[in-house]
Each structure stands twice: as structure tokens, then as C-alpha cells.
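[1] with the sequence up front, the predicted model follows.
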Amino acid sequence: MDTKSPTCYLVGIKGTGMASLAVLLKRQGRVVRGCDTDEQFSTDVLLREHAIPVDHGFHEDLLPLDTDLVVHSSAYDPTLPILVHAALRGIPVYSYPRYLACLSRLQDSYAVAGTHGKTTTCAVASHLLASVSNRRFPFYTIYGSRQLGGSSDTFFGTDCALFEACEYQDHFLSYRFRGAVVTSIEHDHPDYFPTKDSVIESFKRFVDALEAGGFLIVCSDDAGAKELGRYAKKHRADLTLLSYGFSASGPFQILKGEEGTYRVSILPDYSFALAVHAPALVNDYVGAMLLSLSILLDRPKPNLYWSDEVLITDEVVPTLVGRLGSHLASFKGCSGRTEYLFSENGVTYLDDYAHHPTEIMTSIEEVRSAYPGHRVLVLFCPHTASRTKALIDRFAAAFDGCDAVIVQKTYASARNDQAEGTDPARDLAVRLQGRDGCPVAYCDTDQACISQAASWLQENWLCITMGAGNNRHLCREIAAFQRSF
């Protein structure tokens, strides 16, 4: 792979990971542009911030004459006209996972893996590594979102790298990692993994592939991750194995302090504040802190990157834990992760990427804690028919914490994972109907969704667009519709 290709073209550039890669490539000094549908996504903001041009469509004529490298989203088939044209012109063409696999071999690389929490954990770790070193630690990171409330910079150097590593289609097995944190393991992507056991087997192969002498961090509060830790202890004795969580034993057990503060057992007298409340999200923040600590200590000369303000004693680990913990409160969150959008006429509008039942329950728990006394309307756009159908019972239970639910038609995305016959999203709405005091509607068009939501929303309500489908834009349209009354 030519890592110095000056002109890069990204096909499917609006995908969350692809947009992050586009920003990284531009920060590395490349000329970057790409193409996608004309549909508006949350990543449009990130691409505009970095002045990265986006063409609409996938016609072969869009490919610039001076293109040296093409990277395409794995959601698009290589038979796409623009990709066929690139190959005929002799331009190197990589899928997004294959390109990241190549990048992971260029330096010591580390990963955040797991069914849930990858993006948040990766973003928090990136924030901590930059903050604790006053932006001197020479690393770069790629994850599927952007940080809120500050710089979206993810490139500080090339000494090492941090990746959000996805298990879908075993993509993460082609990467090379020295260390990793695994946040959770549940059944997901049923179009590829038929059972939870098949997911766990993939993660075991991931552990098998970690570099000798590296490290593995697992969340003890998640049954699947905990099982993976037991596997690593038995089969990878060369790895440094660490665990964290409320149920963990050892130095990184999480202890709840006064409201909004937490401690870890290695520093029982030191508390740190977090902006999140749900235990699963607290785990993501602490997992990121432990990952950041492990990456720093894994470098050949780690003290080169510590702030001059830090007094390094013989107790290096507690000292760094305290320093890292002091920066947790300054993390402002990620786009699409329980993200506050705006308020109007007493209604607060949020957007959330949650698209798996466990993620939905965590997000609802979080907003209930963050907005006490508010009623909750969720506009849920299921992502892929296979997931909705396979996990429909769990999806039905996941919305128990809502006061009203609108289920939109299934978003197939570029994967073309759509239902034959009845949309399983309609079946989900039927299962949700009839619950005491919780109105439910199925809306197969945006306009129907907008008018239904506007008729239900009143003062002191939360309106949350939720799912991996593209429904974030509905919040503004709902508010506008209400203004027209």
C-alpha cells in the first residue's frame, strides 16, 4: 500500500468511519474528496468543517484524473461503476476495513472493540491522550463520530494509533493490534453471525491475534467480555490482562461516590466527575481511562509525553490515573450519542445512534437521569431487517422506559438488508402497541412521522431521534411543523 498517495478519493464518504478517515487523510497532508448520496447525514458537518468536497452519486465520471488511491465503504460492492472504473484505470482500490488493516501495520496500534460503546470509549481515550500530554503525545485515531464542543482533530503524530475495531464480517481480524479494550459482547449483526456463540468465537480469534507481550482489557460487568477475559487468561498468558467495572476485583473496580462522581479502587480517596449517569456509559469512560493509561505505559519512553505539571513518583500508575481522571469531566460527548440538539416551545430535542436493544435501554436510562421529570418520545428508525427480525422480542422490551414511541420503516442503508414481504419494523410497532399509557405508531414516511410527533409533543417532553438510520433531520422539521399550528 502506498501510504503517501497525495490524492485520495473516498466512495461512501459520509459513512461515520469513512468521514473520520477522510479527516485523518487530510490532516496527513493529502488531497481528499469523495462521493455519496445527496441525503444529508450528521457527517456532513464534519466534512464541511474540514473543507472536504463531496460529490453526489457514484458515476465513473466523478473520479478525478489525478486520483492516486480509492477507498470505499464496505457497504458498497466492488461492482459499483466508479469502483470498476478506478480498477480499470489501475488505481489502487481498498475497502475501508482493508485500508484500516493496512494502516494498523504501520506503527504500534491499539483497538477499542465490542458490541456496544466502541465509539464513545475510543473518543474519550483520544481526548484523554491528547489532554494529559498537552497534545504532545504523537498518535492518531479513527472512530465513527466526532467530539462535541471543541476540536475534532484526531491526528497528533504517527508514533502509534488507536482504532475503533468492528467485528462485523470479522473485519477486525485482519488488523494488527498490540493491545485492546473489549467493552461488551452480545449477539448482533445476525446477517453474518447466526448466534451469540459465533460472535464470541470471533472475539476469541481477535484475542489470539494480539501481538505477543501486549495487553487485553475487559469490562467485568459484561458477561461476554468477562468470558473473553477467562479465555485470554487460559490461552494468552503472555498478555497483560486487566479488568474494570463495578463488579471488577482489583485496582480498577468502579466505586460510586457522591452524585455525579466516581472512584476506582486504586485511588479510593480520589473522585472524578462524569457528565454521564447510566452505568454502561460510566464503564465506557473508565475503560477509556484504563486504555489510555495502558497505551502510555506501553510506549518505549512514556515520560516524554507527560505534562511537566505531573509529579511522577514511584507510584506511577496511581499518579497517572489521577491525572487522566481529572480530564474526564472536560469530555463533551460525541455526535449522535445522546446529543442535545436544541429546545423549542418547552420540548428538548436529542439525537442518539442506539440501534441495538441494549444500547436503546442504556440511552433511555441516561436521558431519564439527565432530564428528570420529562416525558420521553422516541422516534426509532430500525437499521437492517435482519437485526430487527432476529432481536424483535428484545427490541419490544427495550422501549419500556418511554412514554410514546414512533417506529419508522426499516433503514436498509447501502447494505440493502431489507425485508421481503412485511417490514419487521411494522411487526415491532404491533408488539409495542397496547402497553398501558404508551401510545405507539408506525409511520412509513417522514411526513407521517413529523405530523404524528408534533401532535403528541407538549411542554416538558423529550423528542429523541434514535437508530442507525438517517432520521436526525426530523427534529428540526417537527419543530417547524409545530410552529405552523
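    Now that the structure is in, tell me what you want to look at. The shown structure was predicted, so the numbers you read here are calculated from the model rather than taken from an experiment. Numbering: from 1, shown residues only.
[2] make it CA atoms for all contacts and neighbour counts henceforth
    Will do.
[3] dump the residue contacts of Ser243.
    By Cα atoms under 8 Å, 6 or more residues apart in numbering, the contact list for Ser243 reads 217-220, 249-250, 252.
[4] can you name the residues bridging to the spatially closest residue to Gln28 that is not a sequence neighbour?
    Leaving aside its chain neighbours, Gln28 sits nearest to Phe155 (7.7 Å; criterion: Cα to Cα, 6 or more residues apart in numbering). Note on Phe155: beta-bridge partners by DSSP bridges are Tyr140.
[5] can you report how many residues neighbour Phe155?
    Other residues near Phe155 come to 21 when the count uses other Cα atoms under 10 Å.
[6] so it makes contact with Ala22?
    No: using Cα atoms under 8 Å as the test, Phe155 is too far from Ala22 to be in contact (11.6 Å).
[7] circling back to that earlier point, how much space separates the residue nearest to Gln28 from Gly179?
    Separation of Phe155 from Gly179 (Cα to Cα, to the nearest Å): 20 Å.
[8] identify the residues contacting the residue most central in space within the chain.
    Centroid-nearest residue in the chain, with Cα atoms, centre = their mean: Thr119, separated by 2.6 Å. Going by Cα under 8 Å, 6+ apart, Thr119 touches 143-145, 164.
[9] then Cys160?
    107-110, 138-140.
[10] adding pLDDT and distance to Ile478, write these out as TSV.
    Output for the contacts of Cys160, formatted as TSV (pLDDT from 0 to 100; distance: Cα to Cα, whole Å):
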residue	pLDDT	distance to Ile478
Gln107	96	47
Asp108	97	47
Ser109	98	44
Tyr110	98	42
Pro138	94	44
Phe139	95	42
Tyr140	95	38
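[11] so how do I select the buried members of these in PyMOL?
    Listed next is the PyMOL selection for buried residues among the contacts of Cys160, using 16 or more other Cα atoms under 10 Å:
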select buried, resi 108+109+110+138+139+140
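[12] in which helix or strand does the residue nearest to the centre of the chain reside?
    helix 118-132 (DSSP states H and E).
[13] C-alpha coordinates for that helix, PDB please?
    The C-alpha coordinates for helix 118-132 follow below in PDB (Å, rounded to 0.1, in the frame of the first residue of the first chain):
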ATOM      1  CA  LYS A 118     -16.800   1.400  20.900                       C
ATOM      2  CA  THR A 119     -17.200   5.000  19.600                       C
ATOM      3  CA  THR A 120     -17.600   6.600  23.000                       C
ATOM      4  CA  THR A 121     -14.700   4.700  24.500                       C
ATOM      5  CA  CYS A 122     -12.400   5.500  21.600                       C
ATOM      6  CA  ALA A 123     -13.400   9.200  21.600                       C
ATOM      7  CA  VAL A 124     -12.900   9.500  25.400                       C
ATOM      8  CA  ALA A 125      -9.500   7.800  25.100                       C
ATOM      9  CA  SER A 126      -8.500  10.100  22.300                       C
ATOM     10  CA  HIS A 127      -9.500  13.100  24.400                       C
ATOM     11  CA  LEU A 128      -7.500  11.800  27.400                       C
ATOM     12  CA  LEU A 129      -4.300  11.000  25.500                       C
ATOM     13  CA  ALA A 130      -4.300  14.500  23.900                       C
ATOM     14  CA  SER A 131      -5.300  16.300  27.100                       C
ATOM     15  CA  VAL A 132      -2.900  14.600  29.600                       C
END
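[14] list the buried ones in the helix or strand hosting Ile82?
    Secondary structure from DSSP H and E places Ile82 in helix 81-88. Using 16+ other Cα under 10 Å as the burial criterion, the residues of helix 81-88 that qualify are 82-83, 85-86.
[15] good, wrapping up.
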